[in-house]
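Participant: Structure of the sequence below:
(one chain, ligands or ions: 2)
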Amino acid sequence: MSNIDTAIPPQDAQADSQESVQNNAPGNEQSKGGNAYKPLLHIDGLEKTFHQAESTLTIFKSLSLSIEKGEMVALVGPSGAGKSTLLQLVGLLDTPTGGSISIDGHNVGNLSDAERTKLRNQFIGFIYQFHHLQPEFSALENVMMPMLIAGTHKSEAAKAASELLGTLGLSARENHRPARLSGGEQQRVAIARALANDPRLLLADEPTGNLDPATSAEVFNLLVDRVRARGIGALIATHNMDLADQMDRVLELKQGRLVVY
Ligand SMILES: Nc1ncnc2c1ncn2[C@@H]1O[C@H](COP(=O)(O)OP(=O)(O)O)[C@@H](O)[C@H]1O
Ligand SMILES: [Mg+2]
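Facilitator: Ligands and ions are numbered 1, 2, ... in the order given. You can find the predicted model right below:
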């Protein structure tokens, strides 16, 4: 049986970068330098080109986008338009070939790998279409994981994860492994995990795309409710226009451009 303690990277590995992240990372009030206005997320002239064996594929060349604190933005567009690519870049899971991404006024291109990892853990929540939960861990342990990585004490993480699962109606499912949960329940656990460290930016890549319409609406409503209650900014890719219309703005990604839908 897997042990959640051994699944967490050693704290020492993260400690090296801790000092500089604390000084530079978003969310640090002292580093903001006065009252200068800074959007939560600012993307400027973003370019992403994939280089394959004999060809290059440019997904976007000069993409710009700003999201305010607490603003929820839907990202729509045909399959293959680059929605997942954009979310991966903003989620610091991939690096752009040009342009810049700033979070809370800090250019993430200037951060080291360790700083990016820490920022992703503490500032950004990510929800995938397929839950990506750890199969060998319970729902509770899956939600505890980001907190433990951030250095939260185990008993405190367990309490907070339990409360979070409770707000998503999953108190009776805490000890179930993902395989013993329905699709809707798995996604609700994934939402709880994404919210575990109180992120300021939530990214979701078709979070209900794998669910039947009724479950999709139920899970989406819970997601919006939780995100609004916490004042989190969000960029959510979806094919469902009924769901997209609940956002503050709907942007369409087509032919490498973002346009108001
Ligand atoms: N790692 C990669 N290498 C090469 N091409 C990729 C890679 N990831 C995505 N693509 C291509 O980028 C385009 C956009 O993909 P994606 O971002 O997944 O679109 P969407 O999420 O809007 O359906 C597609 O043509 C896809 O094949
Ligand atoms: Mg996609």
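
Participant: ok, the residue of the chain found nearest ligand 2 - how many residues close by?
Facilitator: When scored by CB to the ion, the chain has Ser84 as its residue closest to ligand 2, at 3.2 Å. Quick note: C-beta positions are derived from backbone N, CA and C, even for glycine. A count of nearby residues for Ser84, using other CB atoms under 10 Å, gives 20.

Participant: so what's the residue nearest to it when sequence neighbours are not counted bridging to?
Facilitator: Nearest non-adjacent residue to Ser84, counting by CB to CB, 6 or more residues apart in numbering: Asp205, 5.4 Å away. Residues in a beta bridge with Asp205, per DSSP bridges, are Ala237.

Participant: Got the confidence number for Asp205?
Facilitator: Looking at Asp205, its pLDDT is 97.

Participant: Could you do Ala53 as well?
Facilitator: For Ala53, the predicted pLDDT is 87.

Participant: burial of it, as a residue count?
Facilitator: 4.

Participant: now Arg228
Facilitator: 13.

Participant: Please name the residues that touch it.
Facilitator: By CB atoms under 8 Å, 6 or more residues apart in numbering, the contact list for Arg228 reads Met72.

Participant: starting at the chain centroid, how far to the helix or strand that contains it?
Facilitator: Arg228 belongs to helix 213-230 when assigned by DSSP states H and E. Counting by CA atoms, centre = their mean, to the nearest Å, helix 213-230 is centred 15 Å from the centre of its parent chain.

Participant: Also stretch 113-131?
Facilitator: That offset, for stretch 113-131, works out to 6 Å (CA atoms, centre = their mean).

Participant: which parts of it are buried?
Facilitator: Within stretch 113-131, the residues that qualify as buried are 114-129, 131, counting by 16 or more other CB atoms under 10 Å.

Participant: In strands, which of those residues fall?
Facilitator: The strands, defined by DSSP state E, take in Ile124, Gly125, Phe126, Ile127 from these.
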